[in-house]
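Undergrad: just the structure for this:
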Amino acid sequence: MIKKLKNIAKNLLAIPAVRTTYEGANRAVLAVGGSTRAGATGYSVLGFGTFNREQYAVLSGRRSYYRNLSQERVTHVELRRNVHRLEKGILMQPRRSSFAGDYILETVHFYSVAVRSGSGPTIDAAELQWAQDVLREYFAIVDDSSPAVRKAREQFEALDHLSEPGNAKPYAHSSIKRSDIDFDQMLLLAQQRRSVRWFSPRRVEREKIDRALEIGRQSPTACNRLPYEFRIFDDPAMVQKVAGIPFGAAGYSHQIPTIVVVVGRLDSYFSPRDRHAIYVDASLASMGFIYGLEAQGLSSSIINWPDFEPLEQKMSKTLHLAPHERVVMLMAVGYADPDSLVAYSQKKDLDVLRRYNVLEP
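TA: Numbering: from 1, shown residues only. Sure thing, here's the model as predicted:
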């Protein structure tokens, strides 16, 4: 149905008179909608379907965020955010004698909720260990003259912690174990990575996918929330079902061995100001993941996922996505067909991409 509608639109726009009328109307609308914030507001009303899915996803995510606070979960994004805020206070130079007074009680509450739910069958034990160790470090160094800090300390010390104290807390940069990868090796890996669309029929080992994800999850993320999931399909029938949805895989989806759907979770946020973080954080993780694949002899290509309502609906239905779960991109993964071609894809010159100390237009 989608392809039929697309072909009808394509055929209509091939008629010169229709195309001229369409382009004129389109430019007239953009002249108004793209000139002022008020014009953009009017456009958003008239073009309701264009942005409504994202608005719905953001509101649904906020709703789920608050509902999740009282439910048992494997991971606790609200705790992750606040613990990371504590870490930034601990490593501040110069460090303040007292900080986090406005949210330390909330943080201890979030931690206590997570500890109580820790008796469930599935918990992120490393997350709770990290939270415990950072909180212990915080109370060891902070001036507790503040009533809020004293009360939070008492509540924290009264808890029945799930593990012994560890070392999951801020540490000296000089103690980081250094790799022996130099710039030339890193550049070679980046140049080696090409978007591959033709693969050998060889099975992709799940162990290699997981190892690549170990690299991807090391990517920076806002307040250490990691607001994304990698939905991986390697069952041939499922691969074909998922890979057949995006337009970008047309013509080669039939021979993709493994397909990855990167999904951003807007229920990681209580404020719409963070609505773009899922795209930034998931993309950073995806690049690390891709390099992890390359280092193990696997190739990949990103399958573009435009915000197109019919395909959004189809993917949501196929993957049973919640309204606040947004597809960021898809990725084809496999062993490259050695006889296949890859695009040259000339990159922009550095002088085009880079500016130093330029403030004026």
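
Undergrad: and residue 303, how far from residue 278?
TA: 18 Å (Cβ to Cβ, to the nearest Å). Glycine gets a C-beta too; all of them are placed from N, C-alpha and C.

Undergrad: now do the strands in this protein.
TA: 228-233, 258-265, 299-303, 325-334 (DSSP state E).

Undergrad: same list (these) but as TSV, adding mean neighbour count.
TA: As requested, the strands of the chain are exported to TSV (neighbours: other Cβ atoms under 10 Å):
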stretch	mean neighbour count
strand 228-233	19
strand 258-265	24
strand 299-303	23
strand 325-334	23
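
Undergrad: report the buried residues of stretch 68-81.
TA: Residues of stretch 68-81 classed as buried: 68, 72-73, 75-81 (neighbour count, 16 or more other Cβ atoms under 10 Å).

Undergrad: list the contacts of that stretch.
TA: Identification of contacts with stretch 68-81 by Cβ atoms under 8 Å, 6 or more residues apart in numbering yields 65, 107, 110-111, 113-114, 117, 120, 122-124, 127, 131, 223-227, 267-270.

Undergrad: so how do I select the buried members of these in ChimeraX?
TA: Of those, the buried ones can be selected in ChimeraX as follows, counting by 16+ other Cβ under 10 Å:
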select :65,107,110,111,113,114,117,123,124,127,131,223,224,225,226,227,267,268,269
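
Undergrad: in helices, which of the contacts of stretch 68-81 appear?
TA: Counting by DSSP state H, the contacts of stretch 68-81 place 65, 107, 110-111, 113-114, 127, 131 in helices.

Undergrad: between the residues you listed, which sits nearest residue 211?
TA: Among the ones in helices among the contacts of stretch 68-81, residue 127 lies closest to residue 211 (Cβ to Cβ), at 20.9 Å.

Undergrad: the closest one: what's it in contact with?
TA: 75-76, 79-80, 114 are the contacts of residue 127 under Cβ under 8 Å, 6+ apart.

Undergrad: dump these to a markdown table, plus pLDDT and distance to residue 136.
TA: Listed next are those as a markdown table, based on pLDDT from 0 to 100; distance: Cβ to Cβ, whole Å:
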| residue | pLDDT | distance to residue 136 |
| --- | --- | --- |
| 75 | 92 | 21 |
| 76 | 94 | 18 |
| 79 | 97 | 15 |
| 80 | 97 | 17 |
| 114 | 92 | 15 |
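
Undergrad: now, the most widely separated pair of these?
TA: Checking these with Cβ to Cβ, the most distant pair is 80 and 114, at 9.8 Å.

Undergrad: which residues are common contacts for the two?
TA: 127, 131.

Undergrad: thinking again about what came up before, now tabulate the buried residues of stretch 68-81 in a markdown table and tack on distance to residue 298.
TA: Converted to a markdown table, the buried residues of stretch 68-81 look like this (distance: Cβ to Cβ, whole Å):
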| residue | distance to residue 298 |
| --- | --- |
| 68 | 35 |
| 72 | 36 |
| 73 | 32 |
| 75 | 27 |
| 76 | 33 |
| 77 | 30 |
| 78 | 35 |
| 79 | 34 |
| 80 | 30 |
| 81 | 33 |
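
Undergrad: please save the CA atoms from stretch 75-92 in CSV.
TA: What follows is stretch 75-92, C-alpha atoms only, in CSV (Å, rounded to 0.1, in the frame of the first residue of the first chain):
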residue,chain,number,x,y,z
THR,A,75,17.7,-0.4,35.6
HIS,A,76,16.8,2.9,37.3
VAL,A,77,17.5,6.0,35.1
GLU,A,78,16.5,8.5,37.7
LEU,A,79,19.1,6.9,40.1
ARG,A,80,21.7,6.8,37.3
ARG,A,81,21.2,10.5,36.6
ASN,A,82,21.6,11.6,40.2
VAL,A,83,24.5,9.4,41.0
HIS,A,84,26.3,10.8,38.0
ARG,A,85,25.6,14.3,39.2
LEU,A,86,27.2,13.3,42.5
GLU,A,87,30.2,12.1,40.7
LYS,A,88,30.6,15.4,38.9
GLY,A,89,30.5,17.2,42.3
ILE,A,90,33.1,14.8,43.7
LEU,A,91,35.6,15.5,40.9
MET,A,92,35.0,19.2,40.7
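
Undergrad: starting at the chain centroid, how far to it?
TA: Here stretch 75-92 is found 18 Å from its chain centre; the criterion is Cα atoms, centre = their mean, to the nearest Å.

Undergrad: one more: stretch 205-222?
TA: On Cα atoms, centre = their mean, the centre of stretch 205-222 falls 13 Å from that of its chain.

Undergrad: quick one: average pLDDT of that stretch?
TA: On average, the pLDDT along stretch 205-222 is 98.

Undergrad: in that stretch, which residues are buried?
TA: Buried residues in stretch 205-222 (16+ other Cβ under 10 Å): 208-209, 211-213, 215-216, 219, 221-222.

Undergrad: sorry, back to before: figure out which of the strands of the chain is closest to residue 196.
TA: Of all the strands of the chain, strand 299-303 comes closest under Cβ to Cβ, at 3.7 Å.

Undergrad: got the contact list for that closest one?
TA: With Cβ under 8 Å, 6+ apart as the test, strand 299-303 has contacts from 194-197, 199, 243, 246, 248-249, 259, 286, 290, 293-294, 329-336.
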